[in-house]
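Trainee: Sequence first, predicted coordinates after that:
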Amino acid sequence: MPRLFTAVEIPPVIAMQLSLLRGGLHGARWIDAENYHLTLRFIGDIDDRTADEVADALDRVARRPFTVALSGLDCFSGRGPHSLFARVEPSPALVELQAEHERIIQRLGLPPEGRRFTPHVTLARLRGTSASEVASWLAMRGDVRLPPFEVSRFVLLSSRASVGGGPYLVEEAYPLAA
């Protein structure tokens, strides 16, 4: 069973700039730069037939290229901080693409995404890191601004069952047409 999700890839030059932020945070398991991405829709573990249906349905998405900008760093937390990420400035084109993916996946009979779409690029998973350590790290590095980049395609990625962070494999790529 493949574990699938749709995503926007991060260009190598932007990924390299993000990777320079790594380090200096106890309990951080840093994501490799080549695995940075912006998840549009997590699909999960599905059978091969459903995976083929997903791939086929995504091939009918007709959108134009658009620009994405990363602006600032932040942390997801619940009972404690668990993920460090770069914020993605939401744009109408990005939000519409994500919503279309959500509709496609639900039409195929898969359950709706339980979380609200928060565009981001995960940089590290945190374990045993205190909120004060994260706050201090963010105070020193959190105001990062990176140049915008054009999104000219989205991808269907697969991952092995793990605690996250890759490696990810591009199963299909879907160009956005001008």
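Mentor: Good, I have the coordinates. Only a predicted model underlies this, so the values are computations on that prediction, with no experimental measurement involved.
Trainee: tell me which element the residue of the chain positioned farthest from its centre falls in.
Mentor: In the chain, counting by Cα atoms, centre = their mean, residue 132 sits farthest out from the average C-alpha position, at 25.4 Å. Taking DSSP states H and E as the definition, residue 132 sits inside helix 131-141.
Trainee: so what strands line up beside whichever helix or strand comes after that helix?
Mentor: The C-terminal neighbour of helix 131-141 among helices and strands, as given by DSSP H and E, is strand 149-151. Within its sheet, strand 149-151 is paired with strand 66-68 (antiparallel), according to DSSP bridges.
Trainee: How about the partner strand, which residues are buried there?
Mentor: Using 16 or more other Cβ atoms under 10 Å as the test for burial, strand 66-68 gives 66, 68. Every residue, glycine included, has its C-beta placed from N, CA and C.
Trainee: I'd like to check the angle between the helix or strand just after it and helix 131-141, please.
Mentor: For strand 66-68, the succeeding helix or strand toward the C-terminus, using DSSP H and E, is strand 70-77. Counting by axes from the mean of the first three to the mean of the last three Cα atoms, to 10 degrees, strand 70-77 lies at 180 degrees to helix 131-141.
Trainee: so how far is residue 106 from residue 10?
Mentor: Going from residue 10 to residue 106 by Cβ to Cβ, to the nearest Å gives 27 Å.
Trainee: Please apply the same query to residue 70.
Mentor: To residue 106, residue 70 is 28 Å away according to Cβ to Cβ.
Trainee: circling back to that earlier point, now the helix holding residue 132: buried residues?
Mentor: Within helix 131-141, the residues scored as buried using 16+ other Cβ under 10 Å are 133-134, 137-138, 141.
Trainee: Show me what stretch 92-104 is in contact with.
Mentor: With contact meaning Cβ atoms under 8 Å, 6 or more residues apart in numbering, stretch 92-104 is reached by 6, 8, 40-41, 54, 57-58, 61, 63-64, 66, 68, 88, 112-113, 117, 119, 151, 154.
Trainee: Using PDB, list the CA coordinates for that stretch.
Mentor: C-alpha atoms of stretch 92-104 as PDB (Å, rounded to 0.1, in the frame of the first residue of the first chain):
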ATOM      1  CA  PRO A  92      -5.600  32.700  -3.900                       C
ATOM      2  CA  ALA A  93      -4.000  30.400  -6.500                       C
ATOM      3  CA  LEU A  94      -2.400  28.200  -3.800                       C
ATOM      4  CA  VAL A  95      -5.600  27.900  -1.700                       C
ATOM      5  CA  GLU A  96      -7.700  27.100  -4.800                       C
ATOM      6  CA  LEU A  97      -5.300  24.400  -5.900                       C
ATOM      7  CA  GLN A  98      -5.400  22.800  -2.500                       C
ATOM      8  CA  ALA A  99      -9.200  23.000  -2.400                       C
ATOM      9  CA  GLU A 100      -9.400  21.300  -5.800                       C
ATOM     10  CA  HIS A 101      -7.200  18.500  -4.500                       C
ATOM     11  CA  GLU A 102      -9.500  18.100  -1.500                       C
ATOM     12  CA  ARG A 103     -12.600  17.900  -3.700                       C
ATOM     13  CA  ILE A 104     -10.900  15.300  -6.000                       C
END
